[in-house]
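Trainee: sequence and predicted structure below; questions after.
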Amino acid sequence: MLKELLYHCRESDDSCELVARFASILVHRRGLEELEQWTADAQAGGLPELRGFATGLRKGWDAVTAGLTLRWNSGPVEGHVNRITMLKRQMFGRAKLDLLRERVLLAS
């Protein structure tokens with residue numbers, strides 16, 4: 001069904017190709033040159049959503065390139081924040097801060 005849709009709609013084919021290239025750049029942590037070419041292709045393309053996304057990447061270019069080229073990331077910190085947020089949501093309206101503090105510290 002996807003092949004048939006892509007055959008009949010050239011914009012969909014272009015968007016699938018661009019999205020697949022971007023996913024490959026992220027997964028394989030490819031260099032800056034491929035990302036620059038991708039953003040140029042996305043901004044030149046006919047899809048306003050991908051043009052806007054590429055423009056947003058250009059606005060935060062230093063952070064985007066650091067995320068693709070440096071070996072450090074904030075994954076562990078985000079995991080802890082996610083866990084604490086889940087605990088807060090579970091305890092909302094049930095207990096005060098002292099019990100939440102105990103639960104966060106004991107869960108570590």
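Mentor: Great, that's in hand.
Trainee: how about the contacts made by the residue nearest in space to the middle of the chain?
Mentor: Closest residue to the average C-alpha location of the chain: residue 26 at 9.0 Å, with Cα atoms, centre = their mean. By Cβ atoms under 8 Å, 6 or more residues apart in numbering, the contact list for residue 26 reads residue 68. Backbone N, C-alpha and C define where each C-beta goes, glycine included.
Trainee: what pLDDT is listed against it?
Mentor: As predicted, residue 26 sits at a pLDDT of 85.
Trainee: that one and residue 40, how far apart?
Mentor: Distance of residue 26 to residue 40, given as Cβ to Cβ, to the nearest Å: 17 Å.
Trainee: in the chain, which spans are helices?
Mentor: For the chain, helices defined by DSSP state H occupy the ranges 2-8, 10-27, 32-44, 48-59, 61-69, 75-91, 97-107.
Trainee: in the second one, what's buried?
Mentor: Same thing as helix 10-27. 14, 15, 18, 21, 22, 25 (16 or more other Cβ atoms under 10 Å).
Trainee: now do the contacts for residue 37.
Mentor: No contacts exist for residue 37 under Cβ under 8 Å, 6+ apart.
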